[in-house]
Structures are given as structure tokens and as C-alpha cells.
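Asks: The following comprises the amino acid sequence and a computationally predicted model.
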Amino acid sequence: MEAVRTNELGLRRDEWLERMKLFGLGSPAILLILVILVIPVGWLFYVSFIGADGTFSLENYERMLKRKSYARIFQTTFEVSFLTTGLCILIGYPLAYFIAGLPNRIANLCLITVLLPFWTSLLVRTYAWLVLLQKRGLVNEWAISLGLWDEPIKIVHNMTGTLIGMVHIMLPFLILPVYGAMKAIDRDLMKAASNLGASPRRAFWTVFFPLTLPGLFAGSLMVFILCLGFFVTPAVLGGGKVIMVSMKIVSNIELFVNWGAASALGVVLLVSTMVILWIASRFLNLEKMTGGGH
Amino acid sequence: MKTRTILTISAAVLATGAFAQGKSVTIASWGGSYQEAQSKALFEPAAANTGIEVKQETYGGMSDVRLQVSSGQVTLDIVASGSGSAARAAAEGLLEKLDYNVIDVSTFYPGLYNDYCIGGDVFSTVYAWNTNTYGENGPQSWADFWDVEKFPGSRAYRGKVAGALEGALMADGVAPADVYSVLDSEEGIERAIDKIRELKPHISVFWTSGAQHAQLMKDGEVDMTTGWNGRFDNAAKDGAKVAYSFNQALLDYDCFAVPKGAPNRDTAMEFLNEISKPEYQDDLPKYITYGPTNKAAYETGEITADVAAGLPSSPDNAAMQLPVSLDWYAKWETIAAEMYQEMLTE
């Protein structure tokens, strides 16, 4: 009995020691997160409650309630982000499926093509879209000379142009994790499904698709979050009418004497994003979706 | 070994750079054809004549200065700025007082320099039109700019409130002389913004930079826009089909200021004195149609009568325009900007 207890104590001590050792190994990362994330975000919260006269004040938040433009800017931000994410899924998922079915060598080539835009500056890609889409741009000129339409159509300096630019930039962020998830699926499962009498469509929806969900969810989440903070593309392709939170943050820094006016916007964006993620996690098992489950 | 050699060499290069020249200033401006003109007419020749080494940067305006001053990391010695934002920055305590014992302003136009900011050029906010669409005789007043039946076509307008409300009120029938007194209340500002709301369906772009409105005209993206006169002249030189009028335009000036705590403050004063001299200012109109702030620049013979007639500050042109009121911007810009944003996001 005595020996068992000693052994148990020893095991417990070893476990504790191991945990401390792991904590020690993890501490640089914890410290890094503290320094580059927790402290700045805490500072952001703090500054957002400082008014123009340097004392504690709610004026930065009151302003957001008083002026209708702030609510509209948040609405636009989430609208653009949702639409971009949705379009990325519609375009990216079938493309990833197509590439995943190709022989490896060709698939690699395709993936490089998907990644190629990453090596070009975001600004350059955005201006390239402006050149293509504007009134006398390539798209309109060609379409008119081909007789597709008679008058130049408005596909830039508005929401359409913004979405085209953003979907193009965000697509790789969706395709890569989805492709990864698809490659990890054992294709024999599909054969097994059809062996059991499932039609190809049924096999896809009940076997293949659910297995790609973690990748799809991770990709969509990444696209959505990145979209929320987008600045250059809507600024250039939106024609000054698609105003997102990041743009308002910049103009508030220019306009108001204190940082608080801009920080409060950042805080509201952060909190509302977290609320959306929390609601999403109520309906979806986030951990399982992002591949972290057991 | 190799890294070490490179390090030694670069250290040596840095050291000679710092010691051999002695004096240097870092100047930030707005980029584009504007900074190119400043560089060719002012910065480069002044650097050559004084031996002061000039480093040029482009920047995003007084918010950059605010960031540098509040974090104590000031790298800029001289910044080019609009007169209005410089006045606001001065009120916030972001700028050094200019030393007029060093800078000679005896022949300057009164009102084009103050304690914190010395005028560098005079420019106009005008309405411009595509000459392919409307010919040489396009809109001749703000009322014409608003008249979509007489002048059908797409417009561009400024995405910020500065310089946006005055024209709208004139289009609404307010006499130029009364514009700022009407704007001196929230109702007056709302009246101007309502006028822009009326035109909004025809405004396809709200521009945010000078390079952008020049490009919009060059590409024929819009038929009419507001903007800064010099940018349009330079676009026209590049082949853009664009013309503009000074009638009812807004007369304004750009200036140079020194951020608080600038690392080379004294050299900056010296350099400002140099580039404010008439022999530099008289070259600026060769590169961009902005007028000098130093009267004596008209007397050197470099600015011909022809060129002078095209400058915003020539007596004939100035008489047609409304001088921008810095006092109004100091008092109302923040409120007006928020109200303007309401209109933009509708």
C-alpha cells in the first residue's frame, strides 16, 4: 500500500514538473503574445476612453451613437466582408476541388498560379484592377468592341469594383486550407460510399464535403477577419463611396486631436467581431471546424 | 568575414555622409507632380547653392507629424502642408515657431506667412472639365457644375470637406462674399451639404488626392471634377483633355512648417530662408502653375506676362476668386467633416 502511495506521489510530482517545464518552454511565446497583443489591445481600450481634453470620457463612443454615419460604416464593413467571404467560397471551393483531383505535378503548377499574385504588391494589384475596370478600361473597351454592351458599364468606383478586387486578393487564403483538407481525405472513402450504393452527388455531400469543413471554415474565417481591416482596395476601387472602418480610423486621426477618436472605432470593430465569432461558435463546433478537436 | 566587411564599409560611408556635408534637412511633401516641381525649382537648386544636404520624403500630412511629435521620434525637419491643416497643427502645439530673424519675408504678400508657417505657393481649388465632352467653353460657374441638363455627364468631387462646401453654396445662389458667413452655423453647413446630396447621383467618384483627380481626367473616367489647378495643367501637358476656370474658384496657399523638436531645426530655418528667395520661387511656375508667395519673384523677369496670367495669384485671376478662410476651418472643420461623412455614407 505504502509503495503504491509513494509511487502515486512521485507520479504526481513528475507530472507537475513536466507541466512547469512545458510552461517554461512556452513562456517565450506567452511573453511575445503579451507584448505584441495583450498590451497594445489593452492600451487601445484605455486610450478610447480618453477625451479631447485628456481626461476620462465617453465622448468617443457617444459620437458614434450621435452620428448615423458610424453605424453605416460598420454595416458596410461587415457587408463587404461577408460578401467577399461568400464569393471566395463560391469560387475557391470548386477550384480547390478541381486542383485536388489533378495529378500531383499539374496540381503543383496550378497551386503556384494561385499563389503567384502573392508575390505582387497589393497596391499594384489593386491599381491593375482600376486600369482594367474603369470606364475606358480594357474590360469595357473590349466588351463594347465585341458588342457585349453599348455603353461603358460601371464596374469600378463602387461596391462591385471593391468586391472584385477583394475577392481576387483573398482567394488564395481560402483555396490553400481547403485544398489541404481535400488532399488529406482518403479517396477510397468515396469509392466505399459508391460501393454502398450512394450516387456521386450523395457521396460528395455526405462523405467528402463534411470532411472538408474544417479547412473551409478555417479559410473562410481567415478571409473574413482579414477583410474587416482592409484599407487600400476599398479606398482605391470604392470611389470614395465604400467607406470601411479602417478608412474612418484614418480620417479620425487626421480630424480629431486625440487618438481616442480612432481607438474607439478599433475597439467597437474588435468587440463586434468577437461577438460574431461567439454567435458562430454557438451554432458550429469551432474547435472541431478548425481541426483542433479530437 | 564578408558581413563584417560590408558593415565596416557601410559604417564608413555613413560617417562620411554625416561629417563631410555637415548640414542636412529632411523634407516631406505630397509627392506627385507637385513635389517634383518643388524639387526642381526649390529643393535641388537651394541644396546646390547652400551645400545643405536635402533628403526628400512623401508623407500623409499633419497626422504623420502628430504621430512623430507625440512619440518623440521626430525625423522630419520641414513639411509642406496646406495652410488650414498647418494652422490646426500650430494650435495643437505640433510646430516650431519660425525664426523670422533668419527667414526674410520683407517682400512677401501679407497674410501668406504666420508664426508657424511660411507660404510656399498659391494655388486654387477649381472645377475642371473634359474638353472632348464640353469643348473649351465648359462650365463657367459652380451653378454650371451643378447643372446636369446643360452639362450632362459624370462628376467627381472631393471626399473630404475641405474646399467642398464653398462651391456648393455658390451653386445654391449664395454670393461669394457671403459664403463664409452663411457657413458660420450648422444650418449653413447642412445647406451646402444638401446641395451636394442633390448632385450626388451624378458624382461617380469622391476623390481623395491630387494625383487621383488628375488621373480621373486623364483617363476620361469622369467628365467634370473639382481639384487643384496645377495638377490639371500638368495633366494637360501630358495630353489630358482638360480645362478649368478661375471664376468662383477658391484661392488658397501651401506653406512650409517645422515640426516641434525637428532634429535640424536651425538648418531648417536657414533652408526655408533660401527657398523663399525670389530667385527660386520664380522657377516654380515652370513646373507647376502655382504662384509665388514672394512678390519680388514677379520682378526677376523669369515669370513672363503670359505665365503670370495663368497663375492663381495674378491680380486678374485673384479678383475672380474667393480666398479660403482659415478662421472658418479652425472653427468648423471637425464638425463639418462629420456632417460631410453622413452624406458620403448615405
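Replies: Now that the structure is in, tell me what you want to look at.

Asks: Considering only helices and strands, which part of chain A has the lowest mean pLDDT?
Replies: helix A:286-289 (a mean of 60; mean pLDDT, DSSP states H and E).

Asks: Can you classify B:Val161 by secondary structure?
Replies: With DSSP: H, G, I helix; E, B strand; the rest coil as the basis, B:Val161 sits in coil.

Asks: Looks like it contacts B:Ile335 (just checking).
Replies: No. Contact between B:Val161 and B:Ile335 fails when scored by C-beta atoms under 8 Å: they sit 9.3 Å apart. C-betas here are computed from N, CA, C, even on glycine.

Asks: neighbour count winner among these two?
Replies: Shown here are B:Val161 and B:Ile335; by other C-beta atoms under 10 Å in any protein chain shown, B:Val161 has more neighbours (25 against 13).

Asks: can you count the residues close to the residue nearest to A:Leu228 when sequence neighbours are not counted?
Replies: Nearest residue to A:Leu228, sequence neighbours excluded (C-beta to C-beta, 6 or more residues apart in numbering or on different chains): A:Ser81, at 5.3 Å. Using other C-beta under 10 Å, A:Ser81 has 23 neighbouring residues.

Asks: Figure out the helix or strand that A:Ser81 lives in.
Replies: Using DSSP states H and E, A:Ser81 sits in helix A:68-100.

Asks: tell me what whatever helix or strand comes next after that helix is packed against?
Replies: Proceeding N to C from helix A:68-100, the next assigned helix or strand is helix A:104-115, under DSSP H and E. Helices and strands touching helix A:104-115, as assessed by 3 or more C-beta pairs under 8 Å, 6 or more residues apart in numbering or on different chains; DSSP states H and E, comprise helix A:68-100, helix A:159-183.

Asks: winner for burial among these?
Replies: A comparison of these by mean neighbour count, using mean count of other C-beta atoms under 10 Å in any protein chain shown, puts helix A:159-183 on top with a mean of 22.

Asks: Without its sequence neighbours, what residue ends up closest to the closest residue to chain A within the stretch 101-250 of chain B?
Replies: Here the stretch 101-250 of chain B gets closest to chain A at one residue, B:Phe206, 2.7 Å apart by C-beta to the nearest C-beta. Closest residue to B:Phe206 apart from its sequence neighbours, by C-beta to C-beta, 6+ apart: A:Gly240 at 2.7 Å.

Asks: Surely the one you found is within a strand?
Replies: No. Read with three-state DSSP, A:Gly240 is coil and lies in no strand.

Asks: OK, contacts around it?
Replies: For A:Gly240, the contacting residues are A:157, B:159, B:205-208, B:344, by C-beta atoms under 8 Å, 6 or more residues apart in numbering or on different chains.

Asks: and those residues, which two are the farthest apart?
Replies: A:His157 and B:Leu344 (13.2 Å; C-beta to C-beta).

Asks: Quickly find the element holding B:Val126.
Replies: strand B:117-130.

Asks: C-alpha coordinates for that strand, PDB please?
Replies: The C-alpha trace of strand B:117-130 is given here as PDB (Å, rounded to 0.1, in the frame of the first residue of the first chain):
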ATOM      1  CA  CYS B 117       4.000  78.500 -41.400                       C
ATOM      2  CA  ILE B 118       5.600  80.300 -44.300                       C
ATOM      3  CA  GLY B 119       3.800  80.300 -47.700                       C
ATOM      4  CA  GLY B 120       5.500  78.300 -50.500                       C
ATOM      5  CA  ASP B 121       2.900  78.700 -53.300                       C
ATOM      6  CA  VAL B 122      -0.500  80.000 -54.100                       C
ATOM      7  CA  PHE B 123      -3.000  77.600 -55.600                       C
ATOM      8  CA  SER B 124      -6.700  77.400 -56.500                       C
ATOM      9  CA  THR B 125      -9.400  74.800 -56.000                       C
ATOM     10  CA  VAL B 126     -11.200  74.900 -59.300                       C
ATOM     11  CA  TYR B 127     -13.700  73.000 -61.300                       C
ATOM     12  CA  ALA B 128     -12.300  71.300 -64.400                       C
ATOM     13  CA  TRP B 129     -13.900  69.700 -67.400                       C
ATOM     14  CA  ASN B 130     -13.100  67.300 -70.200                       C
END
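
Asks: Please work out which residue of the stretch 101-250 of chain A is closest to chain B.
Replies: Residue nearest to chain B within the stretch 101-250 of chain A: A:Gly240 (2.7 Å; C-beta to the nearest C-beta).

Asks: Now do the lengthiest strand in chain B: distance to the chain's middle.
Replies: If you go by DSSP state E, chain B has its longest strand at strand B:242-257. Distance of strand B:242-257 from its chain centroid, counting by C-alpha atoms, centre = their mean, to the nearest Å, is 8 Å.
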